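Participant: Build the 3D model from these lines:
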Amino acid sequence: MKKLIFVFAMLGLSSLCWAGSARQDASDRLDNSAKVLHQIMDAPDKGIPEEVLEGAKCIAVVPNMIKGGFIFGGKHGKGVATCRTANGWSAPAFFTIGGGSAGLQIGLEGVDLVMIIQNEKGMEHLIASKFEIGTDASAAAGPVGRHASANTDWKLDTEILTYSRANGAFVGATLEGASIRRDDDSTRAIYGHKANTRAVLTGQVAAPDAARAFLNAVSGAKAVARAGN
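Facilitator: Numbering: from 1, shown residues only. As a prediction, the model looks like this:
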């Protein structure tokens with residue numbers, strides 16, 4: 001009996017340690033994502049145009065996504081996303097990104113990735129358990145600068161606009177074939193077992209205190225873009 005009690009105690013302690021670690025990982029991801037947005041918008045001539053932010057349905061950030069490879073490339077990262085609701089930006093949901101791409105690629109580096117989801121269809125992909133960029137959802141490199149070009153091709157038939165920032169050069173980097181999955185473990189660690197990605201991104205779940213810096217950065221990004229006019 002004592003051995004059984006000890007086993008259950010150890011299992012309980014292990015569960016608590018995992019939950020604490022998962023919460024910390026999710027909180028760090030939110031803080032790092034806020035920093036990425038601030039850093040990108042601090043350089044308005046190379047930032048996300050006001051017109052793109054104005055029309056964004058959702059904004060997703062992957063801080064320090066690892067990209068690298070030799071002949072065959074790979075990518076892996078963890079991100080957070082928020083979507084526009086009638087009452088402002090939703091509480092953040094968590095996701096992972098991974099996958100590979102063929103090509104002449106040599107190197108390994110961390111890349112900060114920002115994805116602007118432009119429409120309802122793109123949002124539904126984000127809510128889904130899994131989707132693949134280039135197969136299930138269309139994506140393109142987004143326009144950069146204070147204002148988007150008069151050319152409106154970036155608005156048409158593209159669900160996701162992508163922006164990246166890297167400390168070093170990377171040959172052949174692409175999001176084609178990248179798979180995005182819901183990170184249910186992180187979502188539960190922050191919100192509890194009753195929350196799900198759809199409820200979070202549609203505004204049915206209150207934002208936690210840990211998300212304040214990230215949501216302020218999202219809300220402030222548009223103001224920064226306008227201030228650069």
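Participant: Poorly predicted segments of this structure, please.
Facilitator: Across the chain, the ranges flagged by pLDDT under 70 are 1-20, 43-46, 66-75, 100-110, 145-157, 167-174, 222-229.
Participant: which residues in it form strands?
Facilitator: Under the criterion DSSP state E, the chain contains strands at 58-85, 88-89, 93-117, 130-132, 139-141, 160-166, 179-182.
Participant: Could you export those strands as CSV, including distance to Lys35 and mean neighbour count?
Facilitator: In this view, the C-beta of every residue, glycine as well, is placed from N, C-alpha and C. Shown next, in CSV, are the strands of the chain (distance: least, CB to CB, whole Å; neighbours: other CB atoms under 10 Å):
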stretch, distance to Lys35, mean neighbour count
strand 58-85, 7, 21
strand 88-89, 17, 16
strand 93-117, 9, 19
strand 130-132, 27, 16
strand 139-141, 22, 16
strand 160-166, 11, 19
strand 179-182, 22, 20
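Participant: Could you dump the ones you listed into CSV with distance to Asp31 added?
Facilitator: Listed next are the strands of the chain as CSV, based on distance: least, CB to CB, whole Å:
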stretch, distance to Asp31
strand 58-85, 9
strand 88-89, 17
strand 93-117, 13
strand 130-132, 26
strand 139-141, 26
strand 160-166, 17
strand 179-182, 21
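Participant: So for Ala210, which of those sits nearest?
Facilitator: Among these, the nearest to Ala210 by CB to CB is strand 58-85 (10.4 Å).
Participant: Thanks a lot, see you next time.
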